[in-house]
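Visitor: A structural model of the following input is requested.
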Amino acid sequence: MSKFHCHIRDTAIDFPMSENESVLSAAYEAGVELPYRCASGYCGVCKVRLTSGNVNMDHSGGISRKDMADGYILPCCSVPLSNLEIEPVSSC
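Guide: Residues are numbered from 1 along each chain as shown. Below is the predicted model of the structure:
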């Protein structure tokens, strides 16, 4: 059962998320394609900017402290704590 929603900034895309699945998994379950490679938090390919909301991110080194301080997350290893708005890196 979905508890939260994620909106992709500057699009009409919105998808449901549960509090016990990653943002990336929720996107794919909803048919929303986000880029990724390892899906484990190592490579950083899925990095997006979190423009609204909060997540719990448990990554494996695929994102720098600077990127985290600048508001970026890895959807593959981030679970939602609220409704979210994200912006793909290619749009930043």
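Visitor: shaky segments in this structure?
Guide: For the chain, the stretches flagged by pLDDT under 70 are 1, 90-92.
Visitor: How is Met68 assigned, secondary-structure-wise?
Guide: At Met68 the chain is in helix, as set by DSSP: H, G, I helix; E, B strand; the rest coil.
Visitor: can you pull the contacts of it?
Guide: Contacts for Met68 (Cβ atoms under 8 Å, 6 or more residues apart in numbering) come out as Met57. Using the backbone N, CA and C atoms, a C-beta is placed for each residue, glycine as well.
Visitor: What distance do you get for it to His5?
Guide: Distance, Met68 to His5, by Cβ to Cβ, to the nearest Å: 23 Å.
Visitor: As a check, name the ranges of all helices in the protein.
Guide: Here the chain has its helices, by DSSP state H, at 23-29, 65-69.
Visitor: of the ones you listed, which approaches Cys77 most closely?
Guide: Nearest to Cys77 among these is helix 23-29; the distance by Cβ to Cβ comes to 8.2 Å.
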